[in-house]
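Novice: Here is the input, now give the coordinates:
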Amino acid sequence: MGNLEITQMDTNRDFSFLKTIREVTGYVLIAMNLVRDIPLDQLQVIRGNTLYERRFALSVFFNYPKDGSSGLQHLGLTKLTGVDVERGGARGEGGLSPLLRALLLGARS
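Specialist: Prediction:
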């Protein structure tokens with residue numbers, strides 16, 4: 001699979017198909033979504049053969065409503081480790097939960 005971009009999704013979407021993704025050869029971009037849960041439970045490796053903005057293998061930012069209420073709380077990246085992000089860095093900004101922030105910081109090492 002090439003890149004995985006999940007952007008501008010509202011709360012009325014069925015993302016259950018994402019549970020089956022194990023590898024992304026390019027980058028993963030998760031941005032400007034209103035959902036609380038994006039189930040990437042089986043994702044093990046992001047190869048980063050292509051990078052978002054030529055810099056990031058994993059980029060997660062601004063996943064919350066404009067009113068500031070809570071947004072993305074769960075990515076389910078339990079099988080992804082910092083070693084798995086093989087090329088490029090990880091980026092996370094804007095309203096990240098502490099758990100998600102810790103995951104992204106771990107992916108940078």
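Novice: Output the below-cut-off pLDDT ranges for the chain.
Specialist: Applying pLDDT under 70 to the chain picks out residues 66, 68-70, 81-88, 92-109.
Novice: mind listing the helices for it?
Specialist: For the chain, the helices defined by DSSP state H cover 98-108.
Novice: Show me where it has its strands.
Specialist: 4-7, 23-24, 28-31, 45-46, 56-61, 89-93 (DSSP state E).
Novice: Kindly compare burial across the ones you listed and name the winner.
Specialist: For the strands of the chain, the largest average neighbour count (mean count of other CB atoms under 10 Å) is found in strand 56-61, namely a mean of 24. For every residue, glycine as well, the C-beta is placed using N, CA and C.
Novice: From the contact counts, what lies against that strand?
Specialist: Packing partners of strand 56-61 (3 or more CB pairs under 8 Å, 6 or more residues apart in numbering; DSSP states H and E): strand 28-31, strand 89-93, helix 98-108.
Novice: rerun at 10 Å
Specialist: Applying 3 or more CB pairs under 10 Å, 6 or more residues apart in numbering; DSSP states H and E, one finds that strand 56-61 contacts strand 4-7, strand 28-31, strand 45-46, strand 89-93, helix 98-108.
Novice: buried residues in stretch 5-18?
Specialist: By neighbour count with 16 or more other CB atoms under 10 Å, stretch 5-18 contains the buried residues 6, 9, 18.
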